[in-house]
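Visitor: Predicted model, plus sequence, below.
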Amino acid sequence: MSLDDDDMPTTAPIASASADQEDAPTGDEVLEEEIQDFRLFRKDKNISAQTIRKGEKDFESHGTRAQENALEQSRQAMKEVLSYTRVHQTRNLVRGWYFPDWWAEWPEKEDESAAGGNATQGTQEKDKRPFAHMRDRVVILEGSSVSSTYLGRAVTSQPKETLARGKDWLLPEEALYLVERGSLDLWWPTRGLEEIFPPWKPDVKDSEAHPESEPAATSEAEVVGHAVESNTVNEADEYDQGIPLSVQAAYSLLIGNDGERGKVSLQKFQVYSNLKRAGYNILRAPPLTKQCTPQTPSVTLWQWLSSLLPSGSEPQPRPYGPLIQPGLYRSYVPIYRQMVIIPRHKPSAAPSSPWLPEDPFSVHFHIWKAAPKWSKLRHPPPDFYLAVVDAQETGVPTFQEITALVDATPPAPGKPEWTGPGRMYARLKHGHRNALVAVVDHGIINYMRFAEGAFGEELLFERFDSRNAPRSGKGGGRALSSSVIDTGTLDKFSKQPSELCVSGRKVEPKDNNTLDDDP
Amino acid sequence: MASPMADRQVRISRIGGRYLAFDIEDVVYIRRHHGICAILMGTMPQNPTQNIFLGLPIELYAEEARLLIDKKVAYIADEATEHLSQLKTMDPTARSAYLQSLKMQRKTAQLGLEDAKAKSKAQYQRRAQTITASSSDNPNRTKPASSGREDSLFDSQPQQPAPVAKLALPAVTPTTSNVLVASGGSSVSIQVPASYPLYRFLNTRGYYITPGLRFGGDYSVYPGDPFRFHAHYMANSYGWDEKVPMLDLVTSGRLGTAVKKSFLFGSQQPATAIAAESANPGEDVRVFCIEWAGM
């Protein structure tokens, strides 16, 4: 799955066609990809995805015993594989406790949100930390685990007496993802947080069964040691503070409706874990507060005006008479220049639309490609901005919705090497800002990329005079006669069109891949 | 076989407005006896870094949940409230029953771990012997020995010796809360999309149905269990008197052909128009298939 157009073939349409054939799965492959032949999974977990994809299927039932047996085996294999129970070996047990209301009253800091929201500059500064979503964090992590580089969040700079100071807290999707992959043992506390994580006192040795009462900076070796210790306490004590929860219970407690504090909707969780499984780093996007305010109306107006006016050197088209002045033309460029009368969308650094994104078409997740130095606190601006929508409940976005969504992302110009006429399609396809939309149909996810296109920036006619002009027969220095167009008929074009480019990933059919909006 | 159950009641968990099932027995049962696959959506703990094989829970369509309820083989449980009330006010008997079942699972897990450990140890020794035996005369023979190694799913880290030989049982995370929460629930009505009659019609005729998003329709329709069969149809549902634009037919027909499916569309006749005697579900649905004619 590639969410990106980095590997996009760019030089020539021919190259693009051939590469597309390799990349884009055909209808059959899309189907094959979804085959879950658990027989193969059972046999060897290291088998490559390619081999699994080649699993054979039939077109209809032919009533043979071989076919029946194969089906029966598949079903058996599925049952066997799915009956697996998650086991935590004592050495690497990571335990989490569900405390849904601990942070309920926590005031989220405004400056944090600004840091996270304006990712281009905010995260560069060292003292600013990404928005924490503390109010939504409901699971406290005992000790530390490898995953805490990527997940969880602690509140820092609290006084020493604070309960469970410096502990990592997980968002519902993070906790559920860890529970599902068997990396977290989630417990329901029957006692208060102050008993499970007793307040830190300088004198007390942790001689009792609360080894995690130390300040947070326990090294991993220590944690392992403690975990072993705590597991050998006798059984009565073991369940004294709480009981372990099942996966079903974890779902029940952590999945909810959109907007519920401390819960995550099932669709968002599905997208989250899908991307995590694929290796992406993903964080909740900070709430959108005043992201669209920085632009001042005067700027917009100025841009709007200047985009309406042709640049100074070109003559204004006359209100009457032929569109192209009669005369002798020795090249195409002056002719086409006179025909440029429809104002085109011009991408700018500030968002050009006055609309604010509305759910579901607003940025829900920030996504990074896997990188060695990535951490939840120190990371570059996101690679992708993602919105999650439900396939059944959501209609095709209106122009307003999608423009607001795309405008909520920072400008993402293409690569610097994409210059020159050969890379025009790369530039057009990449656009100037872009956002991903994950369409979820009951657990099946489609990723689409919406980009702000600027077709007006690509002047095709400038190339017509070169030697390899497409219309070789008529080129050269021959004089061209001009055709007459009545400007009166052009009134209907006077509305300024914006341009959007939509490209789908993993989408059938291919015909959907590009789509021009119709304002 | 684990499903002789004539009167098995499938627990459908309603969580966040969605319908999930967690019990593997339920999943196998509805797949085998009711032609419902639903969508596996959970991360596989055995191999959590891939998206091809997914595990429990399954997410059911509202149509599927409704069908099971209508057939009276399932009940809906509002998991969030049930779990919360059960966990907050847990009486000692329920608690000890839950802990007892946990203990059982932990013992089983312990046995599994020891078994796997012993197996991998034996394998390791066998391999070491083969290597020492063969390296003297023919180094090439080590190769088949190592490739013939069968990895069990369960020994994730077979080679690492346990740090302490304690009696501590490993912790487990059970998949379901069957012991914790009481079975039985309300049979609330389920809001289904307008395409439900078409779904039921196809299901009663033995077709398996998966979401249509893969191919671009309402449903993908399989002639049998998708484990074995390719999808035949890409199905869309329309209203009985709804005007179907010709362009839709062409578009969907072409689309179906492009993904090697036949485009199927159907509709339910309104109840007033037909006699009440054809109460048989699905009798009032008409379907058509469109194929691209290569003239």
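Guide: All right, it came through fine.
Visitor: can we go C-alpha only for contacts and neighbour counts from here?
Guide: Noted.
Visitor: Show me what the helix or strand harbouring B:D26 is packed up against.
Guide: Assessed by DSSP states H and E, B:D26 sits inside helix B:24-33. Judged by 3 or more Cα pairs under 8 Å, 6 or more residues apart in numbering or on different chains; DSSP states H and E, helix B:24-33 is in contact with helix A:65-82.
Visitor: Kindly provide the distance from B:G216 to chain A.
Guide: B:G216 sits 7 Å away from chain A, going by Cα to the nearest Cα, to the nearest Å.
Visitor: Could you report the neighbour count for that residue?
Guide: By the criterion of other Cα atoms under 10 Å in any protein chain shown, B:G216 has 19 neighbours.
Visitor: Output the below-cut-off pLDDT ranges for the chain.
Guide: Assuming you mean chain A. Within chain A, the ranges that satisfy pLDDT under 70 run A:1-56, A:108-128, A:144-148, A:156-165, A:199-237, A:289-318, A:352, A:466-519.
Visitor: meant chain B, my bad for not saying
Guide: B:1-6, B:133-168, B:183-187, B:272-283, B:294-295.
Visitor: In it, where's the longest helix?
Guide: The helix that spans the most residues within chain B, counting by DSSP state H, is helix B:92-137.
Visitor: my guess is B:S267 meets B:V244, correct?
Guide: No. Contact between B:S267 and B:V244 fails when scored by Cα atoms under 8 Å: they sit 11.2 Å apart.
Visitor: residues in contact with A:S252?
Guide: B:I15, B:E79, B:A80, B:H83 (Cα atoms under 8 Å, 6 or more residues apart in numbering or on different chains).
Visitor: now the last one: how far from chain A?
Guide: Okay, so that is B:H83. Counting by Cα to the nearest Cα, the gap from B:H83 to chain A is 7 Å.
Visitor: burial of residue 95, as a residue count?
Guide: All of this refers to chain A. A:R95, neighbours per other Cα under 10 Å, totals 22.
Visitor: You answered for a different chain; I wanted chain B.
Guide: The tally of other residues near B:R95 (other Cα under 10 Å) stands at 18.
Visitor: which SS state does A:K167 fall under?
Guide: Look at A:K167: counting by DSSP: H, G, I helix; E, B strand; the rest coil, its state is coil.
Visitor: Report the contact partners of residue 71.
Guide: As the question left the chain open, I've gone with chain A. Applying Cα under 8 Å, 6+ apart to A:L71 gives the contacts B:D225, B:F227, B:R228.
Visitor: that older thread, between B:S267 and B:V244, which contacts overlap?
Guide: Common contacts of B:S267 and B:V244, defined by Cα under 8 Å, 6+ apart, comprise B:Y238.
Visitor: Which of those two has more residues huddled nearby?
Guide: B:S267 (23 against 11).
Visitor: In the sheet, which residues pair with that one? Tell me.
Guide: B:S267 has these beta-bridge partners by DSSP bridges: B:R286.
Visitor: What segments of the stretch 101-250 of chain A are helices?
Guide: Secondary structure of the stretch 101-250 of chain A (DSSP state H, counting those that start in this stretch): helices at A:110-117, A:119-122, A:172-180, A:193-196, A:220-231, A:235-238, A:247-254.
Visitor: Apologies, that question was intended for the stretch 401-519 of chain A.
Guide: Assigned by DSSP H, counting those that start in this stretch, the helices in the stretch 401-519 of chain A fall at A:424-430.
Visitor: residue of it with the smallest distance to chain B?
Guide: Among all residues of the stretch 401-519 of chain A, A:G443 sits closest to chain B, at 5.8 Å; criterion: Cα to the nearest Cα.
Visitor: What does that residue show for phi and psi?
Guide: Phi and psi for A:G443, reported as degrees, to the nearest 10, are phi 90, psi -10.
Visitor: Contact partners for B:V285?
Guide: B:V285 touches B:P197, B:L198, B:F201, B:G266, B:S267, B:Q268, B:Q269, counting by Cα under 8 Å, 6+ apart.
Visitor: any idea how far B:Y196 is from it?
Guide: Between B:V285 and B:Y196 the computed distance is 11 Å (Cα to Cα, to the nearest Å).
Visitor: likewise A:K276?
Guide: A:K276 sits 34 Å away from B:Y196, going by Cα to Cα.
Visitor: what does B:I39 give?
Guide: 18 Å.
Visitor: again, but for A:F365
Guide: For A:F365, the distance to B:Y196 - Cα to Cα - is 33 Å.
Visitor: what do you get for B:P174?
Guide: B:P174 is 34 Å from B:Y196, by Cα to Cα.
Visitor: do the same with A:L436
Guide: Distance, A:L436 to B:Y196, by Cα to Cα: 31 Å.
Visitor: Compare those two and say which is more crowded by neighbours.
Guide: A:L436 (27 against 19).
Visitor: wait, isn't that one in contact with A:Y447?
Guide: Yes. Counting by Cα under 8 Å, A:L436 touches A:Y447, with 6.6 Å between them.
Visitor: Note down every partner strand of the one helix or strand B:Y75 maps to and its orientation.
Guide: Take DSSP H and E as the rule and B:Y75 turns out to sit in strand B:74-78. Strand pairing for strand B:74-78, using DSSP bridges, gives strand B:10-15 (parallel).
Visitor: how far is the strand it pairs with from where the chain is centred?
Guide: Mean-position distance between strand B:10-15 and its chain equals 13 Å (Cα atoms, centre = their mean, to the nearest Å).
Visitor: Now it: buried residues?
Guide: In terms of neighbour count (16 or more other Cα atoms under 10 Å in any protein chain shown), strand B:10-15 has its buried residues at B:V10, B:R11, B:I12, B:S13, B:R14, B:I15.
Visitor: got it, and stretch B:30-49?
Guide: B:30-31, B:34-49.
Visitor: Next step: those residues restricted to strands.
Guide: The strands, defined by DSSP state E, take in B:I39, B:L40, B:M41, B:G42 from the buried residues of stretch B:30-49.
Visitor: What is the nearest of those residues to A:E457?
Guide: Compare each of these with A:E457 using Cα to Cα and the shortest gap goes to B:M41, at 43.7 Å.
Visitor: who touches that closest one in this structure?
Guide: Taking Cα under 8 Å, 6+ apart as the test, what B:M41 contacts is A:Q270, A:G443, B:L54, B:G55, B:L56, B:P57, B:I58, B:E59.
Visitor: What is the nearest of the buried residues of strand B:10-15 to A:G96?
Guide: When the buried residues of strand B:10-15 are ranked by distance to A:G96 (Cα to Cα), B:I15 comes first, at 21.4 Å.
Visitor: What residues are bridge-paired with that closest one?
Guide: B:I15 has these beta-bridge partners by DSSP bridges: B:R18.
Visitor: if I read this right, it contacts B:E82, doesn't it?
Guide: No. Judged on Cα under 8 Å, B:I15 makes no contact with B:E82 at a distance of 10.8 Å.
Visitor: Kindly report the residues of the stretch 151-295 of chain B close to chain A.
Guide: Residues of the stretch 151-295 of chain B that fall close to chain A, judged by Cα under 8 Å from any Cα of the partner chain: B:151-153, B:163, B:166-177, B:211, B:213-216, B:223-232, B:255, B:258-260.
Visitor: What subset of those is buried?
Guide: With burial judged by 16+ other Cα under 10 Å, the buried subset of those is B:151, B:153, B:168-177, B:211, B:213-216, B:223-232, B:255, B:258-260.
Visitor: Among the residues you listed, which are located in helices?
Guide: Reading helices off those with DSSP H, I get B:L255, B:A258.
Visitor: Now intersect the buried ones among the residues of the stretch 151-295 of chain B next to chain A with the strands, please.
Guide: Going by DSSP E, the strands hold B:A171, B:V172, B:T173, B:P211 from these.
Visitor: how about the residue nearest to B:S252 when sequence neighbours are not counted, secondary structure?
Guide: The spatially closest residue to B:S252, leaving aside those adjacent along the chain, is B:F263, at 6.5 Å (Cα to Cα, 6 or more residues apart in numbering or on different chains). Secondary structure, three-state DSSP: B:F263 is strand.
Visitor: Now do the same contact list for B:F263.
Guide: With contact set as Cα under 8 Å, 6+ apart, B:F263 has these partners: B:Y233, B:M234, B:A235, B:N236, B:S252, B:G253, B:G256, B:T257, B:C289, B:I290, B:E291.
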